[in-house]
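> Sequence unavailable; structure follows:
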């Protein structure tokens, strides 16, 4: 099974502060390989141009929101294997259900703790390893 | 249309309008005006719309203050963690020196240098902690601005909802839902359409088989 240390993450959030916090938490988990994108459109271009192993994405963003990014990733043959973990302030059940049905690998509501992020990332990696 | 054509549109004789028509038009206008006043829509709507440009600048202010504070805190944390790592490394090195040869460690001045290094580092860390504490002033500053913007938004919402309820067909009134704003759920009490913590998210996803 892969560990976060081996993986390349893409952090997608329109707030640079939140990108920095997620990057900091991933760093504390041993992952030093992470890029950032400020919205879904930028993220999609980066995903197509580079190789990533894991996407952590916000939902409410300008240009292309997290749901549209998720759908675009899952509709793309070369990207659909990528796990997308939604990290968002959206706490409505219909959003959580929509994310799950659209292929999200996990869903975290803000504010969250380092332990929650770590647990979700590990869980997703375990699931991927089991289905590989 | 040319100016000269206008004469062709005018009736040959002045239009005869009954004074009652003007009276009726006047009554309708007065009724509409009074109704809007009674509903409290016009004055509040006017105040709210006058305040919108101000609200925009207030919100921009909040965004810049909070971003500034967040960056200041994260920079200070980065620097404090680096200092902390240096102390940890120096402590490990000192322990090795003392274990190997305690007399030499003291005589060479290594112990004294270490003590001075720790003192300087802790002073710098204290400075970073003070910076972090001071960065929290955004809470006080933005809190006041937020309160004003919330009042303005409430006034605007009240006015618009009243106006909307008046103009929608009676059968559609119950469909007017003012809670369509997206973002964090500030008050989830009594709501069944939102989750309140990560545990509920996990339960919901588990119930869906995820």
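That came through fine. This one's a predicted model, so the numbers in the text were calculated from it and none came from an experiment.
> When you work out contacts or count neighbours from here on, use the C-alpha atoms and nothing else.
Will do.
> which residues touch residue B:26?
Counting by Cα atoms under 8 Å, 6 or more residues apart in numbering or on different chains, residue B:26 touches no other residue.
> what is the rounded mean pLDDT of the host helix or strand of it?
When secondary structure is defined using DSSP states H and E, the element that contains residue B:26 is helix B:19-39. Per-residue pLDDT over helix B:19-39 has a mean of 72.
> Can you name the next helix or strand after it?
Sequence-wise, the next helix or strand downstream of helix B:19-39 (DSSP H and E) is helix B:41-100.
> Could you report the neighbour count for residue A:122?
Other residues within reach of residue A:122 by the criterion other Cα atoms under 10 Å in any protein chain shown amount to 16.
> same check, this time on residue B:202
When neighbours are defined as other Cα under 10 Å, residue B:202 has 17 of them.
> Also residue A:58?
The local packing of residue A:58 (other Cα under 10 Å) involves 30 other residues.
> how close does residue B:116 get to chain A?
Between residue B:116 and chain A the computed distance is 29 Å (Cα to the nearest Cα, to the nearest Å).
> pLDDT wise, what is that residue at?
Confidence for residue B:116, expressed as pLDDT, is 96.
> Residues of chain A that sit close to chain B?
Applying the criterion Cα under 8 Å from any Cα of the partner chain, the portion of chain A that neighbours chain B consists of A:17, A:60, A:89-94, A:96-97, A:100, A:107-109, A:112.
> where's residue B:85 relative to chain A, distance?
Plainly put, residue B:85 is 13 Å away from chain A if you go by Cα to the nearest Cα.
> check contacts around that residue.
Here residue B:85 is in contact with no residue (Cα under 8 Å, 6+ apart).
> Could you list the low-pLDDT ranges of chain A?
Under the criterion pLDDT under 70, the flagged ranges of chain A are A:1-2.
> need the contact list for the residue nearest the centre of chain A.
Central residue check for chain A by Cα atoms, centre = their mean: the C-alpha nearest the mean position is that of residue A:56, 1.7 Å away. Listed by Cα under 8 Å, 6+ apart, the contact set of residue A:56 reads A:9, A:10, A:11, A:12, A:84, A:85, A:86, A:87.
> can you pick the most crowded of those residues?
For those, neighbours were counted using other Cα under 10 Å, and residue A:12 has the most, 31 neighbours in all.
> For chain A, what is the nearest residue in chain B?
Of all residues in chain B, the one sitting closest to chain A is residue B:194 (4.1 Å; Cα to the nearest Cα).
> Can you pull the phi/psi pair for residue A:11?
As for residue A:11, its main-chain torsions (degrees, to the nearest 10) stand at phi -100, psi 120.
> Which residue is the nearest non-sequential neighbour of residue 51?
Chain wasn't specified; assuming chain A. Spatial nearest neighbour of residue A:51, chain neighbours left out: residue A:8 (7.8 Å); criterion: Cα to Cα, 6 or more residues apart in numbering or on different chains.
> wrong one, chain B
Residue B:51 sits nearest to residue B:152 (Cα to Cα, 6+ apart), 7.0 Å away.
> and the one helix or strand the residue nearest to the centre of chain A maps to, which strands flank it?
Residue A:56 is part of strand A:54-57 when elements are defined by DSSP H and E. Strands flanking strand A:54-57 in the sheet, each with its direction: strand A:9-12 (parallel), strand A:84-88 (parallel) (DSSP bridges).
> Could you provide those strands in CSV, with additional columns for distance to residue B:113?
As requested, those are exported to CSV (distance: least, Cα to Cα, whole Å):
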stretch, distance to residue B:113
strand A:9-12, 42
strand A:84-88, 47
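> For residue B:84, which of those is the nearest?
The closest of the strands paired with strand A:54-57 to residue B:84 is strand A:9-12. By Cα to Cα, the value is 27.1 Å.
> Now the element after that closest one, going C-ward?
helix A:16-28.
> Tell me which residues are up against that following helix.
Contacting residues not belonging to helix A:16-28 are listed as A:4, A:11, A:12, A:13, A:32, A:34, A:36, A:38, A:114, B:67, B:70, B:71 [Cα under 8 Å, 6+ apart].
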